[in-house]
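A.B. asks: Sharing a sequence plus its predicted fold:
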Amino acid sequence: MRAIEFQEYGGPEVLKAVTAEAPEPGPGQVGIDVAYTGVNFADLKARAEGYRVPDLPYVPGLEVSGRVRALGAGVTGLTVGQEVAALTPGGAYAEVVVADATTVFPVPAGLDLRTAATLPTVLPTAYALVHTVGRLQPGETILIQGAAGGIGTVAGRLARAAGAGAVLGVVSSAAKAAYAKEHGYDEVFVGAFQDPVREATADRGADLVLDPVGGDTLRAGLASLAVFGRLVSFGNASSAAPWTVGQPELYPLGISVSGFSILTLATTAPAELRRLTEQAFAKAVDGTVSLPVTAEFPLEDAAEAHHLMGTRTSTGKLLLRVGA
């Protein structure tokens with residue numbers, strides 16, 4: 001089979017096309033003929049920094065859509081040839097991938113494989129951030145970092161549908177701000193946001209802040225919270241040192257900080273991940289949310305996809321076309 005791997009850490013140029021033996025599913029696993037693979041920022045961190053890479057060489061990729069190729073022992077509820085979307089621990093930049101059956105989901109009726117490839121990581125994450133972990137209530141103000149990215153696009157739509165009083169976003173350019181405003185945001189700030197948030201909320205602050213950046217951005221998010229506000233950390237795009245928070249930050253306004261990682265949940269609480277994913281997918285079926293595919297690349301052009309995402313100019317979702 002064709003696959004894309006890296007044998008050393010570095011820029012997009014370390015991604016190389018190779019021919020490899022197709023993996024076979026073990027007990028409790030599903031083999032999938034890949035149609036599309038989603039490109040995520042975690043893939044770039046894996047390539048550049050070794051994020052979640054057990055050893056080299058390594059085939060990146062965390063989500064796919066495709067058709068069931070083979071079932072491992074003990075797998076029920078799926079059939080060979082069935083269209084599915086799956087969250088994978090890696091290996092998705094390939095024509096065949098293996099995933100645990102608990103993270104493989106039938107493609108909902110009415111959705112095609114291209115659309116399905118946008119769902120496995122982004123939609124459950126955004127749903128968890130807004131509903132399960134963030135617990136957004138009607139009338140509350142939400143502030144979302146990376147408002148023009150995949151998760152930001154979906155989170156803005158979900159927040160609007162949940163009855164948010166104001167949906168505020170933060171992006172890195174005016175072009176991204178314009179894009180975000182087309183996807184449910186009331187106001188979008190470019191760059192520094194702490195003072196603009198205070199101004200937009202009459203100095204009250206945001207009830208819920210979603211942060212995938214970490215470092216100084218997370219600290220500014222904490223400072224932007226209203227009384228009893230919540231911040232959810234779901235990434236460290238800045239590669240800053242691990243943050244800590246304690247009594248000096250939490251006590252004065254009664255704020256709280258929590259975290260979410262869909263990849264970690266897949267290993268620690270797969271049953272909860274499945275429940276969460278099914279709830280999230282329903283929002284795509286009923287039309288509450290959709291994630292625009294803004295760029296699509298052949299598998300062998302994965303380096304170009306990484307370059308585009310690395311420039312921080314991309315919006316929406318990037319896909320690799322594998323066997324479609």
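C.D. replies: Now that the structure is in, tell me what you want to look at.
A.B. asks: can you map out the helices along the stretch 1-150 of the chain?
C.D. replies: Assigned by DSSP state H, counting those that start in this stretch, the stretch 1-150 of the chain shows helices spanning 41-49, 113-116, 122-127, 150-161.
A.B. asks: Could you dump those into CSV with mean neighbour count and mean pLDDT added?
C.D. replies: Yep, even glycine has a C-beta here, placed from its N, CA and C like the rest. CSV is the format used below for the helices of the stretch 1-150 of the chain (neighbours: other Cβ atoms under 10 Å; pLDDT from 0 to 100):
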stretch, mean neighbour count, mean pLDDT
helix 41-49, 20, 96
helix 113-116, 20, 96
helix 122-127, 27, 96
helix 150-161, 26, 95
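A.B. asks: how about TSV for the ones you listed, with distance to residue 256 added?
C.D. replies: Formatted as TSV, those follow (distance: least, Cβ to Cβ, whole Å):
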stretch	distance to residue 256
helix 41-49	25
helix 113-116	35
helix 122-127	19
helix 150-161	18
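A.B. asks: Specify the stretch among the ones you listed that is closest to residue 63.
C.D. replies: Set against residue 63 and scored by Cβ to Cβ, the helices of the stretch 1-150 of the chain come closest in helix 122-127, at 8.2 Å.
A.B. asks: I'd assumed residue 308 was in contact with residue 44.
C.D. replies: No. Using Cβ atoms under 8 Å, residue 44 makes no contact with residue 308, being 10.5 Å away.
A.B. asks: And the pLDDT at residue 304?
C.D. replies: Residue 304 carries a pLDDT value of 98.
A.B. asks: And for residue 324?
C.D. replies: Here the pLDDT value assigned to residue 324 is 67.
A.B. asks: Likewise for residue 183?
C.D. replies: On the pLDDT scale, residue 183 is placed at 87.
A.B. asks: Please pull out the lowest mean pLDDT helix or strand from this protein.
C.D. replies: Lowest mean confidence among the helices and strands of the chain (mean pLDDT, DSSP states H and E): helix 247-250, at a mean of 91.
A.B. asks: Can you name every helix or strand that the next helix or strand after that one contacts?
C.D. replies: Using DSSP states H and E, the helix or strand that follows helix 247-250 towards the C-terminus is strand 256-259. Applying 3 or more Cβ pairs under 8 Å, 6 or more residues apart in numbering; DSSP states H and E, we find strand 256-259 packed against strand 225-233, helix 247-250.
A.B. asks: Compute the first-to-last residue distance for stretch 81-95.
C.D. replies: End-to-end distance of stretch 81-95: 15 Å, with Cα to Cα, to the nearest Å as the criterion.
A.B. asks: Please apply the same query to stretch 203-220.
C.D. replies: Chord length of stretch 203-220, first to last residue, is 14 Å (Cα to Cα).
A.B. asks: Show residues contacting stretch 270-284.
C.D. replies: Residues outside stretch 270-284 that contact it (Cβ atoms under 8 Å, 6 or more residues apart in numbering): 87, 100, 102-103, 105, 108, 111, 115, 119-120, 123-124, 126-128, 131-132, 158, 161, 262, 265-266, 289-290.
A.B. asks: Mind checking which of these are buried?
C.D. replies: Buried members of the contacts of stretch 270-284, scored by 16 or more other Cβ atoms under 10 Å, are 87, 100, 102-103, 105, 108, 111, 115, 119-120, 123-124, 126-128, 131-132, 158, 262, 265-266, 289-290.
A.B. asks: Break this protein into its domains for me.
C.D. replies: Following automatic domain parsing, the chain resolves into domains at 2-119+291-321, 123-263.
A.B. asks: In JSON lines, list the ones you listed along with distance to residue 272.
C.D. replies: Listed next are these as JSON lines, based on distance: least, Cβ to Cβ, whole Å:
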{"stretch": "domain 2-119+291-321", "distance to residue 272": "10"}
{"stretch": "domain 123-263", "distance to residue 272": "9"}
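A.B. asks: ok so, going back, for the least confident helix or strand of the chain, buried residues please.
C.D. replies: residue 249.
A.B. asks: average pLDDT for stretch 88-100?
C.D. replies: 97.
A.B. asks: Same question for stretch 280-294.
C.D. replies: pLDDT averaged over stretch 280-294 gives 92.
A.B. asks: Next: stretch 307-318.
C.D. replies: For stretch 307-318, mean pLDDT rounds to 90.
A.B. asks: again, but for stretch 201-216
C.D. replies: 96.
A.B. asks: and the end-to-end length of it?
C.D. replies: Counting by Cα to Cα, you get 21 Å between the two ends of stretch 201-216.
A.B. asks: now swap in stretch 193-204 and tell me
C.D. replies: End-to-end distance (Cα to Cα), stretch 193-204: 14 Å.
A.B. asks: cool, stretch 288-302 as well?
C.D. replies: When the termini of stretch 288-302 are compared using Cα to Cα, they are 30 Å apart.
A.B. asks: these two touch, right, residue 68 and residue 34?
C.D. replies: No. Using Cβ under 8 Å, residue 68 makes no contact with residue 34, being 11.3 Å away.
A.B. asks: Which one's more surrounded, these two?
C.D. replies: Set residue 68 next to residue 34 and count neighbours by other Cβ atoms under 10 Å: residue 34 wins out with 31 against 21.
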